[in-house]
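# Sequence and predicted structure below; questions after.
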Amino acid sequence: MCDSSVTIEVLLFASAREAAGNVSSVKCCIEAPADTQKLRQKLSEEYPKLSPLVLDEDSLTLALNEEYIPEGEVLPLKTGDVVALIPPISGG
């Protein structure tokens with residue numbers, strides 16, 4: 001399935017979930033060495049409706065293994081990592 005790749009579980013919330021076809025999680029294979037920037041690009045290619053969100057760091061925060069990734073930071077990924085896509089949340 002993902003021979004020389006890294007397999008990541010991606011959790012989708014709110015508008016990110018809707019843009020990906022109302023799925024709450026997907027498995028994503030990224031060619032090694034994998035990082036969060038490559039993950040954004042891969043998700044953009046596989047889910048075109050998600051592209052505007054996933055490629056714009058102001059529109060989507062990533063969390064790696066339950067830790068928020070600071071804006072502008074690119075982190076390495078390894079098989080088994082879980083990345084959450086967290087869009088802005090509004091409310092009152």
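Happy to help now that I have it. Numbering: from 1, shown residues only.
# Any regions of the protein where pLDDT drops low?
1, 3, 90-92 (pLDDT under 70).
# how about the strands in it?
5-12, 25-31, 34-35, 61-64, 67-68, 76-77, 82-86 (DSSP state E).
# out of those, nearest to Gln41?
Proximity to Gln41 (CB to CB) singles out strand 25-31 among the strands of the chain, at 8.8 Å. Any C-beta I mention is one placed from the backbone N, CA and C, and that applies to glycine too.
# how about TSV for the strands of the chain, with distance to Leu43 added?
TSV is the format used below for the strands of the chain (distance: least, CB to CB, whole Å):
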stretch	distance to Leu43
strand 5-12	7
strand 25-31	7
strand 34-35	12
strand 61-64	10
strand 67-68	18
strand 76-77	12
strand 82-86	8
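# closest to Pro52 out of those strands?
Using CB to CB, these put strand 82-86 closest to Pro52, at 12.6 Å.
# contacts for the closest one?
Strand 82-86 has contacts (CB atoms under 8 Å, 6 or more residues apart in numbering) with 8-14, 16, 36, 39, 43, 53-54, 60-66, 77.
# what lines up beside that strand in the sheet?
Partners of strand 82-86 in the sheet, by DSSP bridges, are strand 5-12 (parallel), strand 61-64 (antiparallel).
# So which of the ones you listed is the most surrounded?
strand 5-12 (a mean of 20; mean count of other CB atoms under 10 Å).
# Now do it and strand 25-31, the angle between them.
150 degrees (axes from the mean of the first three to the mean of the last three CA atoms, to 10 degrees).
# so how far is strand 5-12 from its chain's centroid?
Centroid separation for strand 5-12 versus its chain: 8 Å, with CA atoms, centre = their mean, to the nearest Å.
# just to revisit the earlier point, what would the strands paired with strand 82-86 look like in TSV with distance to Lys49?
TSV is the format used below for the strands paired with strand 82-86 (distance: least, CB to CB, whole Å):
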stretch	distance to Lys49
strand 5-12	12
strand 61-64	18
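# Run a quick neighbour tally on Ala19.
20 (other CB atoms under 10 Å).
# For Gly80, which non-adjacent residue is closest in space?
Spatial nearest neighbour of Gly80, excluding adjacent residues (CB to CB, 6 or more residues apart in numbering): Thr7 at 7.5 Å.
# Cheers, nothing more for now.
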